[in-house]
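Engineer: here is my input; please provide its structure:
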Amino acid sequence: MKTQVEPDNPTLTNALEKAAKHICTARCGRCPHVVEQYPCPKECNLDTVAWECWMQFFLDRARA
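Structural biologist: Numbers count the residues shown, from 1 in each chain. The predicted model follows:
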């Protein structure tokens with residue numbers, strides 16, 4: 001049974017960020033490109049943070 005929750009947008013963003021950080025940690029810091037063969041949402045460089053890529057991965061999945 002799904003629990004009906006109607007959080008506000010900042011709450012959803014915060015929850016998504018925490019989930020992305022948790023997944024990133026569980027995957028040893030690997031980005032979704034490595035784990036899921038997901039195309040990088042932007043050019044990767046030394047400033048790229050893997051959990052931000054996980055957030056975009058989840059957002060894209062939710063919209064699909």
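Engineer: where does the most centrally placed residue in the chain fall, secondary structure wise?
Structural biologist: The structure's the chain has its C-alpha centroid closest to Met55; by Cα atoms, centre = their mean the separation is 2.1 Å. Under the criterion of DSSP states H and E, Met55 resides in helix 50-63.
Engineer: tell me if I'm right that Trp51 and Ala20 touch.
Structural biologist: Yes. Under the criterion of Cβ atoms under 8 Å, Trp51 is in contact with Ala20, at a separation of 4.5 Å. Where you see a C-beta, it was placed from the backbone N, CA and C, and this is true even at glycine.
Engineer: between those two, which one's more packed in?
Structural biologist: Neighbour count, other Cβ atoms under 10 Å: between Trp51 and Ala20, Ala20 has more, with 22 against 18.
Engineer: which element is that one on?
Structural biologist: Applying DSSP H and E, one finds Ala20 within helix 9-26.
Engineer: buried stuff in that helix?
Structural biologist: The neighbour-count check on helix 9-26 (16 or more other Cβ atoms under 10 Å) flags 20-21, 23-24 as buried.
Engineer: same check, this time on stretch 30-45
Structural biologist: Neighbour counts over stretch 30-45 (16+ other Cβ under 10 Å) mark 31-32, 35, 38, 41 as buried.
Engineer: how far off centre is it?
Structural biologist: Relative to the centre of its chain, stretch 30-45 is centred 11 Å away, using Cα atoms, centre = their mean, to the nearest Å.
Engineer: give me the contacts around the helix holding Met55.
Structural biologist: 16-17, 19-21, 23-24, 29-33, 36, 38, 40-41 (Cβ atoms under 8 Å, 6 or more residues apart in numbering).
Engineer: now it: average pLDDT?
Structural biologist: The average pLDDT within helix 50-63 is 88.
Engineer: taking helix 9-26 as reference, get the angle to that helix.
Structural biologist: Computed by axes from the mean of the first three to the mean of the last three Cα atoms, to 10 degrees, the angle separating helix 50-63 from helix 9-26 equals 120 degrees.
Engineer: pLDDT weak spots in this protein?
Structural biologist: Low-confidence segments of the chain, defined by pLDDT under 70: 1-8.
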